[in-house]
Structures are given as C-alpha cells and as structure tokens.
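Trainee: Provided below for reference: sequence and predicted model.
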Amino acid sequence: MEAVTPQPVCAKEALALLNCTVETPFDRDKCLRLLDALRSCVLEKKVKKFSVAEQSHAAVVPKSKEKP
C-alpha cells in the first residue's frame, strides 16, 4: 500500500497566490481574488501560522546574464 502525503491546509490557495505574483503581465485583480480565497480558507480552517518546508527547489529563479 502506498503512503499518502496529506495536503497542507490551504496549500492550493497559497500556491495560486504566490504564482500569481510572478506572472507577466501582473494581474492585480486576479491576485486580489486569490488573496481573498486564501483569507477565506485560513479563517475557515482556523490557520494560525504558515511555515515553508525546506526543499532544494522551493522556487525556480532564472540565472541572470552577467556582463563581463
């Protein structure tokens, strides 16, 4: 039997908001809707604090081109 990793509380909403902030072009109205969705989730689930698990690839940051 495979182990099932539980989904962190409000993870889907938090990830959607984070990804919205890096989209180009930036859609402020969309991000505000996602913020409202996250806020509703944390109130419903009574979340007191978020934490980020340590991962080697938590964010993808493109390498900048250095000028010689």
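Mentor: Okay, I see it.

Trainee: Phe9 contacts Val47, correct?
Mentor: One thing to correct before we go on: residue 9 is Val, not Phe. Yes - the criterion here is Cβ atoms under 8 Å, and Val9 meets it with Val47 at 5.7 Å. In this view, the C-beta of every residue, glycine as well, is placed from N, C-alpha and C.

Trainee: joint contacts of the two?
Mentor: Both Val9 and Val47 are contacted by Cys41, under the criterion Cβ atoms under 8 Å, 6 or more residues apart in numbering.

Trainee: how close does Leu38 sit to Lys46?
Mentor: From Leu38 across to Lys46, the span is 14 Å (Cβ to Cβ, to the nearest Å).

Trainee: who's more crowded, the two?
Mentor: Using other Cβ atoms under 10 Å as the criterion, Leu38 and Lys46 rank with Leu38 on top: 20 against 7.

Trainee: now the more buried one. Nearest residue, chain neighbours left out?
Mentor: Counting by Cβ to Cβ, 6 or more residues apart in numbering, Glu13 is the residue found nearest to Leu38 once chain neighbours are left out, at 4.1 Å.

Trainee: what sits against that neighbour?
Mentor: Neighbouring residues of Glu13 by Cβ under 8 Å, 6+ apart: Leu34, Ala37, Leu38, Cys41.

Trainee: just the element for the third one, please.
Mentor: Using DSSP states H and E, Leu38 falls within helix 28-45.

Trainee: noted, bye for now.
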